[in-house]
Structures are given as C-alpha cells and as structure tokens.
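> sharing a model that was predicted from the sequence below.
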Amino acid sequence: MNKNKIVMALGLSVSVSLLGCGGGSSSSSGGSSSSSYSVTAIDGYLQNAQVWLDLNKNFIWDTGEPKATTGAGGKATLDVTGIDNPESYPIVVKAIKGKTVDEDTGNTIATDYVMSAPAGEQDITPLSTMVHVLLERDTNLSKEDAVQTVATQLGITSDEVLGDYIEDNDVEAAFGAKTLVSSGVLPETPEELASEADEETTTTSTFLTEAQTVNSETKDHIETEKSALGEGEELNLNDKVGTFDPETGEVTFEEDSDGDGVANSQDWAPNNSEEWLDSDGDSIGDNADTDDDNDGTLDTDDDFPFNPNETKDTDEDGIGNNADTDDDNDGTLDTDDAFPLDPEETLDTDKDGVGNNADTDDDNDGALDGDDAFPLNPEETTDTDKDGIGNNADTDDDNDGILDVDDSNPTVPDLNPIEQVIQFMQNNSMFYALWADHEYNDATGTESVEIYVEKFTLANNIGTVTEAYQMLPDGRKVADEPDANDEDDIVLGPDGWQTFNDTYAIAINSDAVSVYPEEVPSLTNTAYGYVKDLSGLNMAEHSGELGDYVDADAVFPEGAEGGIVKLTADVDQYFLWFKPWFWRASGNTSDDGHNATNLTEIQVAPADISQTGDDVHTAKGISIGMHVGVQFVTDGTTRFMTLDWWNESTQAPGTVTINGTGTWSQVVVNGVTIIRYSVPDSVVEAWGDVWDNDSQQLILSVYGGIVHSGDYLLAGQSEDDDEGYLLNETAKEALLGAVNLPGWCPITEVASGATLADFQAQIADCQLPVMDPEGAVLYRVNSSGETRVQAYAANNEALRFKNGTPSTKYWMVNQEGTLEFGDDAQNIWDYKRAIMDVDEDGILSMATFDPETGEISLGLYQEVDPSQPFTYCETSNSDWDDVNEVPTTFFSFDTYADALKGCVDDTAYRAAKFTSTFIGEQLVMKDEDGTLTFLANKTGTFVSTDENIQFTWTEHDAENGIIALSYSFVDDNQVTQNNTTYMGFAYSNGIQFNVKGFTVSTEWNGNTFDSQGEIWDGLFIHPESEQALIDYGFIEAPTP
C-alpha cells in the first residue's frame, strides 16, 4: 500500500516546529526526542483497553511495537525510547469485552471492537477510526477531506471530528461516536480492521458503508431531538441507544431504561444499570459473575473469560492454548515440544527436566556437549574417522579397511583410503563392477530391471573392460558389446559433441585413482573411497544400487572383498542421452514429436505460459518423463508441469498442472550452445515414480540437427547416491547368486552327471510360471542349426519334429509342475521348466534335464502357429517365363547370398542351417513340384509326377547353412545339361522350411560357381507332417 508521504512529511514538520517552541521533555507526550508518548482511548473514556504504536502500519501488534494498557480517563503512556517522531505512526486501540470499562457507564463493554487514529492523532475514537480508514483506502485523499466527509455524515463541524469530544463537551460528536459502537459496525479484531483499510483486499469497505448509514440516521435523530426542544431546554441524547441491523440496513434508536448504554431489546437486565449480559446463562449477570463462561477459571485468571473452551494464551497470539498447536510460539508443535510453554526450550534428550539449550550434557553420558561428537546419543561420544558412526558402533573406527578386532591400533589408519583401493586393484588384477539398469515403461507404467557385469583387467596400472555382459534372469550371459555408433551415448569432447562407447578405464596415478571414458581420456574423474572386507556383511547394505535387488538376508561369504569408490568430476562434463518429445501446442498434435531443431523454437513468451487448469493441448514444452515436462520461458524461468492428456471422468482432454518453477541459463562450451536447468526437489517429489532420471541437473543441446536432452556435472561435483563397488571374484559370484527379482531363476548348466534332484533343487526357490502347454507348439534351433519342435496335443499326446521329420510322443506336467516329455510315461527323455519370457515375439527360455546323460541345459523356444500363413523370402527372385520355362533375369551367387542373409537376419529367432548335420541319415522334404530325399552318403533323389532325378550333394558353406546339389538331365533337344542348385533355409518354424535357392545351368549361362543363374524360393515340408498336424488338431484339413 502506498502511504501519503505528504501527510507524513507534514507530521514531521509539525513535530519539529513544536520542539522549536520549547515542547518535548523526556516525559512529554510528543516530540522527536520524547521517550514517552501519551494517548487517550475514547468511546466514553476506556479503561483496561490495549493500545499500541503501529510502527509497520499493519494494524496488528507486532513484537517490538510500544504497547500499554489504558487507565483512568482512557489515558496510556507508550514507551517510545529509540523511536524518532512517534507522531509519524498510527495508534491502534483494542477494547476487550468483559475487561475494558467505559467510564460513561462504569461497566465493562458488551463486545470486542478495535479503533485507530491516523499518524499525529493521540485521541483514538470511533470517529478517528473512520478518518484513518478513509485515508488508508484512498492515498490521494487529504486528511482535511477525510475529516470533512465524517463531519458531513454526522452533521457536525470538522473541528469536532478529531480530538476529545468529551473534554470539549461536543455532545453531538460524542453521541455519533457512541452510536457507531452500540450499532456494532466497528471491526472486532485488528485483522478485520486491517482488511477494511486495504483497498487491495476489499473492493469496498463494509465498515465505511455501514458507518455512513449509521451516521446519516444519527444525524437525522439528532435533528429530530433538537426540533422537539422547548425554549431553554438543553439537548439530552443519553436516553436513547442506536442499534443497526446489517441484513436490512435499518438503524433504530431505542430506549435505554437503566442508562447502561445497551438498548433495552439487547439488555439481559434492562432495568439494572449494573448488568446487561449473562454469557453462561447461570442467571448471574457478567459484571457480578466471577466466572462468566463457567469454565471453572475465575475471570481475573482467564485469558478468555467468555470462552469455556479456553483459559490460557501463553504466547499471547490470541489463540488459546487448547486450540493453539504451538502454545509458546517457538516454531515447534506442542506434540513435539518437551517444553510446550517455554519458548526457550523444545528438547530434553536425557529427560532430566533441563532443556537442551540450558543443559550442558544433553544426553547425560558424562561428556560435556562441547566435547561430545554425539551430544544427543548417550551410547556414543567419539567418532575417530568422522564417518557419522560412533566408535562404539563402528567396526572400523579409523576406516583403514581393517576391522577393529584385527587392528592393533584401531584409531590410527594404516593406509589412507585411496591407497587401500589401489592395493586392492593391484592385488586382484581382475575385478568386477556390477550395476542395475532400471527402465520405466511409459506404455505399461511398470519398471524393468537389468543386471550388468563388467570385468576389469589391470595391466600397467590401467584397468580396462575386458568382458561385459548382461546377466539374464535364467542365468544366461549376453555379451554387452560397446557400440561406438550408439547415439544414446553422446559426450561433449574438446571439439564438440561426439559419440562414445560408454566404456571407462580406471588408471592408477601414483597415489590417486582416475576414471575416464576410454574414447575421451580428457574427461577425467578422481576416485575416492576405501576397501572393505565384506565377509559376513549383509549384501543389501553393501552392494550399492544393486542392494535394492538382492535377498535382504543374504551375506557375503568368507574372502569377499570390495573397493567402495565415488567419483568427483575433474572437469565440467556434459552428456546427451535421448531426443525429447516436443509439444508444439500448434493445435495439431501430429506436429509434435522428437523434432525440435533449435533451442529458440522450444521457448515460450511470458504471455503464453501455461497455468494450472489450462487445456492440455495448449501447453508448449519439452517432455522429461511420462506425462511430465518443462516450459522454457524467454525471461529465464522454467515451469514444470504434469499433463493429463485424457480425463476419464469427463471423457475429454484433461488439463495442465504446474508443479513448480525454476530458472534456466544458456552457455557455450567447446563451441556448442547448451541450455542448463535443474529440477527442484519439490517437483521430483510431486512427480513420484514418473521421475526416472538419475540426475536433476539437466541440459538441452542440438546434435545431428535435433534437440537432445541430457545431464551435466560440474568440476568438483559428485553425483548423489552414485557409490560404486569394485568386487573381487568371490564377492561378484555371491552377489549374482543373491539377486532376488521377480522371475529371477539363474540356471547353472551341467554337461553331465547331474540328477533329477539336482535339477529340482535349482528351481525350487524360483517363482516360475505354471506350465500348461496343451495346444502350444514350441520351436527350437540348437547351436548347430538343427530344429526341434514339440507340439502338445490333448490327452498327453504330442508330436515331435526333428529337423522337420514328425513322430508321436508323450507329455505330462507332474506334481512338481515340471513338464515330462518322452516316448511314454515309462520312457521320459526330458524334464522341462519354463523359466522366463525372453521377449514379446513369443520366445521363452526353458531349462531341461536329460536323465540319460545327466545334462542340465538352457534353451530358447519360440511359440509358433502352424495354421498361420508362412513367411517367404522373395528378395531378388528371378522373373520366370512360364511359356518357355526359363528365367528371364539372372543374378550372381553373391546377390543370392546377400538375399539369403538379409532374410535370415530379419528373423526374430536363431535361423536353421542346411548342413550335413541337419540332413543326418536321411532327410525327406516336399514342395508343390515334388519330393527331395537327402541321404547321408551325399546322394539323393528328386521325384515328381514325371521326373526322377538322381543328384549328389555337398556342404558348400556350413557356417551360413548352404548346400549344393549337382545333377544332369536331357533337355528337349536331347542335349545333356548339367545343373548345380544351392539351397539354404531363409525362414523356418521347424515344420515348414522356406528354402532360398540359386540354380546355374549349362542350359543357360554355364554351370560354374561364377555363372549367372536363377534365384528362387520354395516352401518345403515333410510329406507326413501336414496329416499329423491335422490328426492332432493343430491345423484344419484343407477344403476339397
């Protein structure tokens, strides 16, 4: 609120003038050098009212503001020592029901009310209150105009408005003031008065509006009384009391028979001038009653004599202790405060009755707080290694890696921590880093966890990654090969953004350890940490981020050891991880995408920022998580928001919620422009599980023409909660064995000699899916490229296809939930358990026990549907002339090989290989033209309705699964022609085989390897397979 500086300046000049005239001793009521300031509270003169100098002009008493209680004649003297010109500040009076006495009646007042006077006025009355509020609400209004406004309303002169109307015997002004009180229009609390005076809080002042009505009616009443006077009669206005009905706006002047200032209609005892109210309904008027609210506390001892629910207000904040949650106003809730009525104390740790602030030994352990590393813990006093764990609880007081029980001097470290890490690396030469990658699936709202292992080998004091793999839930190890072209891994190097393979080296430099990306050696981090003997320690508590995913009760075995390290960046480091989604708010959502191309187009003008409740499609910004994002405002602020794209209750697009704000800046580093910003903790907390970033320090920059998102770490910073563990072989194996994730069941493969009990023991504690294979057709390709299919029919019957050749078998799921498969119930070949779904293409991992050899193995099976149309590899096929039965386009063998490889690479599963192993003793396959029979002696036949061709075959390319058939035939001209046909499997489901072929012939361009020939493909199946599938219900018989 803007105060009237002219009025304040005039007030100051008046004070100076008074001083110049000789006024202003140390006990006077005014002047800049006064130490006291006298004021008068008037309705009638008010005794026992609170009065204060309002230094900050907020109408509310604040600590430090001079305050006093009025006495006889309504007088009070404020101590204004140290306050220059107290007349420059307003005065506020609080009249208290049941305590404040109106000397006109000699009784306490009937209701609370608050009055004030503008700066420079020392008489505080209902009329000065009106003037003050008028001035506060209109800073352009002069004091004279405000006074005249009130005078006009009441029909009195302006000289009668301010000042002591009782002393001056201004009867009409006094009646007008008393009527404002009796009508109840004065604010009851300082807060209410402050609101009435603030034009920004209230559009119109209820107080001023109602007071104007009362004043107008008061003026009319006075005129009526004056007109009725006889000659020589004096005006007497004391026999009537004005009342006001705020609902109707009606002002009534009623009889006051007993002259106590309360109208008869509102007077409990209208004929008793000593009483007008009985608050507790006990038939004793409040003035005579010593306990007005009947709460058992005498009014003289009761801070709230009219509130039966309260008696005390310790901190004098106007809220009784029963309702007040902080009775002593020390900032600690009573429920948490050992001394709820003492603002100097909140805690008493040792419960000795002496608060911690006064107590010199808070925990009463005999060590003074100044000498106690744990002043609030009676069990601890010393922390030698300053790790936050007291020596009594700490098993390694000096943190030198040697347990106290084995340390001859447990409070003096033998090696500094990083020297321990160096020694650990040198002693082991090979060590391991294990880590977990948890990904949040936006589509399903679920989290998946992947476990990775990196093996470091130390040579010449540099440890490099010599093996990296992902540990799958079934125990398989999948090589995690670094990809130098992986755009997910982009780092800011000396010459700008560059991809790197995310592989780090660990180097020992004298007495320090440095960690850096192998491809960006300038991006160094200094490691610090220590070595720990992990033997017997809980794995969950001593394995870093992997601790969230291991058995809570597992402990490390004897011999387990680890180097615990954390990294501090030596230089500023910037990384880009992905292309963020850009919401353009263009009105067409198809414009959105991973398509922002510069850092200017993503910015929003202040006039276009989103607000909570805005339509979700109007929000322009960058996504940084599932339905959450950030706006970059051109004024340098960030706005973090949640977007409800679809409101289920309204079945319409939802709205935006602003979760918090921050700032962003733009910098140029190594020639590239970067936007830097941080996500506040409060926003991360609001987003909950949707927040899936490791760092809250984020960046945006353009790479490859598209805006990318990433994070950064400045020199000297360490990533929070990014502690790494370098483990020896013993610790690594134990930790992998303790992983406890849904579906986690690592199988240890055994080449031979295992028993069924061994197999069952491996899966005993696993949470595996229930096996119910009936109707399923499972296809497997083994490591040599042979195919196996097991088709589970009803009644425990099954079909087995070995390299496409069918036979009937038996299956059942036993009481342990294990699938048995064999010739019959007495001749079981295999025991199987499904371990995990490998991917969404129907591939699953199964563990198998072979009772004949004692082998335990893992295999991948693909679920197939033989009733569905089969895939053909038609890539680069030659065109064919049906009339002349010759190809019209010819290609080389290399083109054929590329086409075959392209189709094989396109399959979601391991491809079968056409080799001598696949053929075995005999292989029979037919297509629409005839039947091929391959024999182990490298001969074979092709038989059709009109041909019977003998051929020989060889393995042309065993690695890629290509065989070569050679044969001769006599053409229509009775000329013998020589052909060679190369065949390989493009696609297969273990029952049907799409063969990709290449044929060269002397009939065309020659029968040599480098001749141009025909590329073709065909679908082959064993002659008995289709009928077997029909008989067992896996496919329907073709329509005749």
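On my side now, so go ahead. Numbering: from 1, shown residues only.

> how many neighbours does Val449 have?
By the criterion of other C-beta atoms under 10 Å, Val449 has 16 neighbours. No exception for glycine: its C-beta is placed from N, CA and C like everyone else's.

> for it, phi and psi?
phi -120, psi 130 (degrees, to the nearest 10).

> likewise for the one 3 residues further on?
When read as degrees, to the nearest 10, the backbone of Tyr452 gives phi -120, psi 150.

> show me what contacts the closest residue in space to Lys802 that isn't next to it in sequence?
Spatial nearest neighbour of Lys802, excluding adjacent residues (C-beta to C-beta, 6 or more residues apart in numbering): Arg788 at 6.1 Å. If a contact means C-beta atoms under 8 Å, 6 or more residues apart in numbering, then Arg788 has 779-782, 800-803, 990 as its contacts.

> now the two most distant members of those.
Val781 and Arg800 (14.8 Å; C-beta to C-beta).

> ok, the nearest residue to Val171 once chain neighbours are set aside to Gly176 distance?
Spatially, and ignoring its direct neighbours in sequence, Val171 is nearest to Leu235 (5.9 Å; C-beta to C-beta, 6+ apart). Look at Leu235 and Gly176: by C-beta to C-beta, to the nearest Å, they are 13 Å apart.

> what is in contact with the two at once?
Residues touching both Leu235 and Gly176 (C-beta under 8 Å, 6+ apart): Ile222.

> neighbour-wise, which of those two wins?
Remark: of Leu235 and Gly176, Gly176 carries more neighbours, 32 against 12, as counted by other C-beta under 10 Å.

> hang on, isn't that one packed against Glu217?
No. Assessed by C-beta atoms under 8 Å, Gly176 is found out of contact with Glu217, at 10.4 Å.

> how much space separates the residue nearest to Lys802 from Tyr861?
On the measure of C-beta to C-beta, Arg788 and Tyr861 end up 9 Å apart.

> likewise Thr663?
55 Å.

> who has more neighbours out of the two?
Tyr861 (25 against 12).

> check contacts around Ile389.
Asp383.

> can you confirm it is in a strand?
No. Under DSSP: H, G, I helix; E, B strand; the rest coil, Ile389 falls outside any strand and is assigned coil.

> still on that earlier bit, find residues that contact each of Arg788 and Tyr861.
With C-beta under 8 Å, 6+ apart as the test, Arg788 and Tyr861 both reach 779-780.

> quick one: contacts for Val51?
Taking C-beta under 8 Å, 6+ apart, one finds 39, 41, 67-70, 76, 78, 91-94, 124 in contact with Val51.

> could you redo the last one with a cut-off of 7 Å?
Val51 sits next to 39, 41, 68, 70, 76, 91, 93 when contact means C-beta atoms under 7 Å, 6 or more residues apart in numbering.

> what ranges do the helices span in the protein?
5-20, 126-137, 143-154, 171-182, 190-197, 206-227, 417-428, 681-687, 729-737, 756-763, 893-906, 916-919, 1025-1031 (DSSP state H).

> closest one to Tyr792 among the ones you listed?
Using C-beta to C-beta, the nearest of the helices of the chain to Tyr792 is helix 1025-1031, at 12.6 Å.

> pull out the buried residues from the closest one.
1025-1026, 1028-1029 (16 or more other C-beta atoms under 10 Å).

> and the residues you listed, which two are furthest apart?
Maximum distance among these (C-beta to C-beta): 7.3 Å, for Glu1026 and Ala1028.

> low pLDDT regions in the stretch 151-300 of the chain?
256-260, 263-265, 267, 269, 278-280, 285-286, 289, 292-293 (pLDDT under 70).

> and the nearest residue to Asp929 once chain neighbours are set aside, how close does it get to Leu458?
Nearest residue to Asp929, sequence neighbours excluded (C-beta to C-beta, 6+ apart): Ser944, at 5.7 Å. From Ser944 across to Leu458, the span is 67 Å (C-beta to C-beta).

> of these two, who's got more company?
Higher neighbour count among Ser944 and Leu458: Leu458, with 19 against 13, using other C-beta under 10 Å.

> correct me, but that one touches Asn427?
No. Between Leu458 and Asn427 there is no contact under C-beta atoms under 7 Å: 9.7 Å.

> just to revisit the earlier point, so Val781 and Arg800 - more neighbours on which side?
Val781 (22 against 19).

> for Thr224, see how far away the residue in the chain sticking out farthest from the centre is.
Within the chain, the residue lying farthest from the chain centre (C-alpha atoms, centre = their mean) is Glu231, at 86.2 Å. Separation of Glu231 from Thr224 (C-beta to C-beta): 18 Å.
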